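J.: got a predicted structure plus its sequence, pasted below:
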Amino acid sequence: MNQLTSLSEQVYQFGFWSAIVATVTLIASLFIPLDVPAGYTAEHAERVAWLSANRGTFIIGWINQIAAMLSLSGIFFAMCWKIANKNPLRAILAAMVVLVSVVAFIIPKFIAVWTIPLLADTISTGAVGAELADPLLRLLNVSIPFSLYTSFDYLGFWLYAVFGLLVAIPLYGENISTKIAALTAGLFGLIYHGLLVALLFGAIVATDIEPWFLSVSGLLMILVIAMIFSFRSATKSL
């Protein structure tokens, strides 16, 4: 029993510090550009020029995104442990969903750090392979919602929405912060799936995908802050 208590304390501490890191990185992401300012409407030549001139900033921005994603995953894994006593099956399923989401997110984010800057440099300098790099960079556009790149990102957020629906009910309870986290997770899951249905039936056009879907992800910030207090309270109660 003491070993289980010790493990729970370690998991909740891990979740707490993951939430702190997630808060810092999510705030930092508001100030670090992840693409050319014009984003969706930018011409390909503009994007290449911007990537070449802002290579370091672009890489730092996406490394920050990797840190944010991994810390969010740490929070979610700790949440799975938190609900394991109430509903072990949902906890296992939710943990599996989080693991798959890490795979979905890490692929495009690693491409942003490794591949995209190399493609931009190759195109701008006309180096060997430029004829291959040009169409590849178009496919890996980080702002167009139907590019190969962003498809992985939206897949990851959909998995977050599935996670939210799995943990919302068993997570609800104990104290105010946990209740807020549970309600926020469930709300995120419901809204994201509602938007997905609207998109599939043509109610949302391509140009509106990013503002609609990414605005909903703001709910995750509320969840993160709520879980800081929830994990701290859970650690003290052990």
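T.: Looks like it arrived, so ask away.

J.: contacts for the helix or strand hosting Ala226, please.
T.: Element membership for Ala226, per DSSP states H and E: helix 219-236. Applying C-beta atoms under 8 Å, 6 or more residues apart in numbering, the external contacts of helix 219-236 come out as 8-9, 12-13, 15-16, 19-20, 22-23, 26, 72, 75, 78-79, 82, 160, 174-175, 177-178, 180-181, 184-185, 187-188, 191. Every residue, glycine included, has its C-beta placed from N, CA and C.

J.: could you give me the PyMOL selection string for whichever of the residues you listed are buried?
T.: Burial among the contacts of helix 219-236 is assessed by 16 or more other C-beta atoms under 10 Å; the matching PyMOL selection reads:
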select buried, resi 8+12+15+16+19+22+23+26+72+75+78+79+82+160+177+178+180+181+184+185+187+188+191
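
J.: of the contacts of helix 219-236, which belong to helices?
T.: 8-9, 12-13, 15-16, 19-20, 22-23, 26, 72, 75, 78-79, 82, 160, 177-178, 180-181, 184-185, 187-188, 191 (DSSP state H).

J.: quick check: mean pLDDT of the helix holding Ala226?
T.: Average pLDDT, helix 219-236: 93.

J.: what about stretch 76-94, distance to the chain center?
T.: Distance of stretch 76-94 from the chain centroid (C-alpha atoms, centre = their mean, to the nearest Å) equals 20 Å.

J.: give the buried residues for it.
T.: Quick answer for stretch 76-94 (16+ other C-beta under 10 Å): 76-84, 87, 90-91, 93-94.

J.: mind putting the residues you listed in JSON lines, distance to Ala104 and pLDDT included?
T.: Shown next, in JSON lines, are the buried residues of stretch 76-94 (distance: C-beta to C-beta, whole Å; pLDDT from 0 to 100):
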{"residue": "Phe76", "distance to Ala104": "13", "pLDDT": "98"}
{"residue": "Phe77", "distance to Ala104": "16", "pLDDT": "97"}
{"residue": "Ala78", "distance to Ala104": "20", "pLDDT": "96"}
{"residue": "Met79", "distance to Ala104": "19", "pLDDT": "97"}
{"residue": "Cys80", "distance to Ala104": "17", "pLDDT": "97"}
{"residue": "Trp81", "distance to Ala104": "22", "pLDDT": "96"}
{"residue": "Lys82", "distance to Ala104": "23", "pLDDT": "94"}
{"residue": "Ile83", "distance to Ala104": "22", "pLDDT": "95"}
{"residue": "Ala84", "distance to Ala104": "24", "pLDDT": "94"}
{"residue": "Asn87", "distance to Ala104": "24", "pLDDT": "94"}
{"residue": "Arg90", "distance to Ala104": "20", "pLDDT": "96"}
{"residue": "Ala91", "distance to Ala104": "20", "pLDDT": "97"}
{"residue": "Leu93", "distance to Ala104": "16", "pLDDT": "97"}
{"residue": "Ala94", "distance to Ala104": "15", "pLDDT": "97"}
